[in-house]
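Asker: how would this look folded up:
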Amino acid sequence: MHKLLPLILAPLMLWLAVPAHAARAPKATEPAPCLPVPAPHQVAWQDMDMYAFIHFSINTYTGQEWGFGNEPTSLFNPTDLDCRQWARVCRQSGMRGIILTAKHHCGFCLWPSAYTEFSVKNAPWRGGKGDVVRELADACRREGLKFAVYLSPWDRNHPQYGRPEYITYFRNQLRELLTQYGDIFEVWFDGANGGDGWYGGANEMRRIDDRTYYDWEETYRMIRQLQPQCAIWGDNANRADLRWIGNESGHAGLTNWSPMPRGGRAGRDLLNAGTEDGDLWCPGECDTSIRPGWFYHQAEDGRVKSVGQLMDTYYKSVGRNSTLLLNFPVMPNGRISPIDSLRGLQFSRMVETVFRHDLARGAKVTASNVRANDKRYAPKHVTDGRPGTYWATDDDVTNATLTLTFPRPTRFNRFLAEEYIALGQRVRAFTLEALVDGRWLPLKDELAEQGTGLTTIGHRRIVCFPTVEATALRFSVTSARACPLISRVGLFLAPDIE
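Answerer: Here you go, the predicted model:
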């Protein structure tokens, strides 16, 4: 029996050795969701940050942006079409996926649809046996990119557009795209609907009520059945997953909430900024082109956006709780222009250069409040590089501060913050201060037209300001809908761009 005593007494002695305050330390409960919250596929979509648009169709050969619908299919005959080149250009430009305009407003289909003759199957390209959608879907997967489709609801070629029969046609084509080309990460529906068109030879004006004509609820139901992980871009009134940001310049609002009101039509200001009291999670997507137009026009070869312009767009889209959808038009020969390719590569390298070295990683991080003093919510999590961890405060604390102290004076001009959006978007406003020569100096967003511009954070917020050399940075949440959950804080030194 005496040989067993040590085995019996050891656990008791260990328990007695634990300090009383540690034994009674409360364990923090997980923060409650701050509704609305995103679905997992919406979080995965926003984690993509940037992806490409590809515009290529009959318009490429007519010089138009919107085809009328009466163009001969014989026009479509690229001599050197190479979807693998498109995918490589997009990947090297920092894009993580491609959305192809499978059918624009003219109605011409880049795949051999069984439901129309106005498609590649009646074009001379590949002897009528080609399928651009198939070639690009395959190229994307070979290059490690996700694939998605744009299908214009408006069709200026189809004789039944504006009538009930067209909706069956539209859904049949959508079903083809969602069942024949593998996983689709997004479906994009243009907002241009109704007007003049060829319409099978009628050559007339046809107006529709786009709130009711398409019966979007049934169409969305079909998409969710066929591609459950696909994000739907569209009218937030119809419970889409994503919303247009309200402009084609690629700029989200300085204040940008992911929630939107359910039902009703949203004006451009609401689309640009969202609303904190919305009951539907519907984040914004910023779409813009690397050129003035969406389709290729040789006259625009000298008007490709500079690296500085593209970085400005990046800060105002990805850096404002949005994603960036950047368009690369395809030339008549079937390839992306070398001018656009080079500019995309330069842009990607600049993004990589700016964000390669996170200066916050070397800082000591302290907080004014930690949720129940639980290590699971400690401030160190904002620099640990793990997306599933975050700093959190007690439920009744919506005004709190993180201080980053550097081992030596450090120069920086970019601040990055991310909320743990799986439990909702919370922060309404924050401040930034740098400790320079013993004084706390306020920092403001130099891209803000007025005020400091330091309001919402969401998935990611990037603040640009003149370079400072500081020994510490103070990030203070001054207003929030619920206790703030900050998953990442970063500091960077961006080079000057000519």
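Asker: Neighbours of residue 422, how many?
Answerer: By other CB atoms under 10 Å, the residues close to residue 422 number 17. The way it works is simple: take the backbone N, C-alpha and C, and place the C-beta from them, glycine included.
Asker: my guess is it contacts residue 42, does it?
Answerer: No - the pair residue 422 / residue 42 is not scored as a contact, 9.9 Å apart, by CB atoms under 8 Å.
Asker: Can you work out which residues contact both of these two?
Answerer: With contacts defined as CB atoms under 8 Å, 6 or more residues apart in numbering, no residue is shared by residue 422 and residue 42.
Asker: Direction included, what does the helix or strand harbouring residue 149 pair against?
Answerer: Counting by DSSP states H and E, the element that carries residue 149 is strand 146-151. Sheet pairing of strand 146-151 (DSSP bridges) gives strand 97-103 (parallel), strand 186-188 (parallel).
Asker: Buried deepest among these, which one?
Answerer: Greatest average neighbour count among these goes to strand 97-103 (a mean of 26), per mean count of other CB atoms under 10 Å.
Asker: Just the CA atoms from it would do, formatted as PDB, please.
Answerer: C-alpha atoms of strand 97-103 as PDB (Å, rounded to 0.1, in the frame of the first residue of the first chain):
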ATOM      1  CA  GLY A  97      -9.500  34.200 -60.000                       C
ATOM      2  CA  ILE A  98     -11.100  35.300 -63.300                       C
ATOM      3  CA  ILE A  99     -14.700  36.200 -64.100                       C
ATOM      4  CA  LEU A 100     -15.400  35.800 -67.900                       C
ATOM      5  CA  THR A 101     -18.100  37.700 -69.700                       C
ATOM      6  CA  ALA A 102     -19.600  34.600 -71.100                       C
ATOM      7  CA  LYS A 103     -22.500  36.600 -72.700                       C
END
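Asker: how far is that strand from where the chain is centred?
Answerer: Using CA atoms, centre = their mean, to the nearest Å, the mean C-alpha position of strand 97-103 is found 15 Å from that of the whole chain.
Asker: just to revisit the earlier point, export the strands paired with strand 146-151 to CSV and tack on distance to residue 480 and mean pLDDT?
Answerer: Formatted as CSV, the strands paired with strand 146-151 follow (distance: least, CB to CB, whole Å; pLDDT from 0 to 100):
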stretch, distance to residue 480, mean pLDDT
strand 97-103, 32, 98
strand 186-188, 30, 98
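Asker: Among those, which comes closest to residue 416?
Answerer: strand 97-103 (22.3 Å; CB to CB).
Asker: How is this protein divided into domains?
Answerer: What automatic domain parsing lists as the domains of the chain is 40-355, 359-492.
Asker: Nearest approach to residue 30 belongs to which of these?
Answerer: Here domain 359-492 is closest among those (CB to CB), at 8.2 Å.
Asker: coming back round to it: right, so of the domains of the chain, which gets closest to residue 33?
Answerer: Using CB to CB, the nearest of those to residue 33 is domain 359-492, at 4.9 Å.
Asker: Look at that closest one and report the distance between its end residues.
Answerer: Chord length of domain 359-492, first to last residue, is 6 Å (CA to CA, to the nearest Å).
Asker: Next SSE downstream of the strand holding residue 149?
Answerer: With secondary structure assigned by DSSP H and E, strand 146-151 is succeeded by helix 164-179.
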